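# coords below, sequence missing:
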Ligand code: GN1
Ligand code: CA
Ligand code: CA
């Protein structure tokens, strides 16, 4: 093959690859992009932060065990714990829904004895250091993870 031919192939290959590339600062995994924000924010602020970071950005929702395992690995790598994700039981106590579309969550990974609605004020969901989930007050400041689309 000619030099020009090879150059053309390389160009086409990298253009095709381009569709899977995430915006700067986001990490690619299985057709989604993730942003690990080390800034601390309330859930309300974190939701805004994700929407501002990308037009279809939102607080992360964990869809299955595989995604959960990958996220746990990424959080560990970044030494991040106590991180907000995008679910809440603010509408009806003990019924946790996705913050984006109010659908019930199919996958959960609660820590032992959670969710406990401690002191009656815990309606948001965070990872804690062992990678499991805890319900916590929505207005405390935590780091957070966004995803898109
Ligand atoms: C934390 O800090 P403490 O023990 O009052 C946590 C609760 C957990 C509990 C589990 C603000 O409460 O959500 O259920 O540990 N509080 C916060 O022991 O994250
Ligand atoms: Ca609650
Ligand atoms: Ca709790």
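Done, it's in. Quick caveat, the model's predicted, so the values are computed rather than measured. Ligands and ions are numbered 1, 2, ... in the order given.
# contacting residues for the residue nearest the centre of the chain?
Residue closest to the average C-alpha location in the chain (CA atoms, centre = their mean): residue 60, at 2.6 Å. Counting by CB atoms under 8 Å, 6 or more residues apart in numbering, residue 60 touches 34, 71, 85, 86, 144, 145, 146, 147. For the C-beta atoms, the positions are set from N, CA and C on the backbone; glycine is no exception.
# now swap in residue 131 and tell me
Counting by CB under 8 Å, 6+ apart, residue 131 makes contact with 68, 72, 75, 76, 109.
# which element is the residue nearest to residue 46 when sequence neighbours are not counted on?
Leaving aside its sequence neighbours, residue 46 sits nearest to residue 144 (CB to CB, 6 or more residues apart in numbering; 3.9 Å). In this structure, residue 144 is located in strand 142-148 according to DSSP states H and E.
# what's the answer for residue 73, then?
Going by DSSP H and E, residue 73 is part of helix 65-77.
# what's the answer for residue 44, then?
Here residue 44 sits within helix 43-53, counting by DSSP H and E.
# same thing with residue 25?
Using DSSP H and E, residue 25 falls outside every helix and strand.
# Check whether the nearest residue to it once chain neighbours are set aside sits in a helix, strand or coil.
Excluding the flanking residues, the one nearest residue 25 by CB to CB, 6+ apart is residue 35, at 6.3 Å. Here residue 35 is strand, with the state taken from DSSP: H, G, I helix; E, B strand; the rest coil.
# Which residues are in contact with residue 35?
Residue 35 is in contact with 25, 26, 27, 50, 53, 54, 57, 145, 146, 147, counting by CB under 8 Å, 6+ apart.
# Who wins on neighbours among the contacts of residue 60?
residue 144 (29 neighbours; other CB atoms under 10 Å).
# And the pLDDT for it?
pLDDT for residue 144: 98.
# What residues are bridge-paired with it?
Here residue 144 sits in beta bridges with residue 37, residue 84, as judged by DSSP bridges.
# Spell out which residues of this protein are next to ligand 2.
Residues of the chain found near ligand 2 (CB under 5 Å from the ion) are 89, 117, 122, 123.
# let's see 6 Å
Proximity of the chain to ligand 2 (CB under 6 Å from the ion) is limited to residues 89, 93, 117, 122, 123, 135.
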